[in-house]
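Peer 1: what shape does this take:
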Amino acid sequence: MDSRNFRKELRRTATASEVILWQGLRDRKLKNRKFRRQHGIGPYIVDFYCQEEKLVVEVDGSSHDNIGTLQADETRDRWLSEHGYTILRFSNEEVYKNVERVLWAIEDAFSSGNV
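Peer 2: Below is the predicted model:
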């Protein structure tokens, strides 16, 4: 499966937490910033991406708790950082319990200049 079709499949099979967060990011709902979901950057596919801010937002489930995945995440984050991207990571639990707080954290990154 090529990258474009794989990204399309990831969007079709989004996790519940990704769907919840997407509702707050889509259609420029957050400070008029455009977000894309399951967007390809270099060799990676990121959950959400705002080109205006060079911001990557990742939502991690329990599969990210094992050592192999943690190491892969570190490698990926290092590559993205070296290429000028800022990465924000949130757990599924954070999105489920308080999506507003997650959206505020993303918004805060815009206004604080951390992005």
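
Peer 1: please, where are all the helices along this structure?
Peer 2: Ranges of helices in the chain, per DSSP state H, are 3-12, 16-25, 67-82, 92-112.

Peer 1: tell me what the third one is packed against?
Peer 2: In this structure, helix 67-82 makes packing contacts with strand 44-50, strand 55-60, strand 86-91, judged by 3 or more C-beta pairs under 8 Å, 6 or more residues apart in numbering; DSSP states H and E. Where you see a C-beta, it was placed from the backbone N, CA and C, and this is true even at glycine.

Peer 1: again, only this time at 6 Å
Peer 2: Contacting helix 67-82 under the criterion 3 or more C-beta pairs under 6 Å, 6 or more residues apart in numbering; DSSP states H and E is no other helix or strand.

Peer 1: what's around the closest residue to Val102 other than its chain neighbours, how many residues?
Peer 2: Leaving out its chain neighbours, the residue that sits closest to Val102 by C-beta to C-beta, 6 or more residues apart in numbering is Phe90, at 5.2 Å. For Phe90, the neighbour count with other C-beta atoms under 10 Å is 19.
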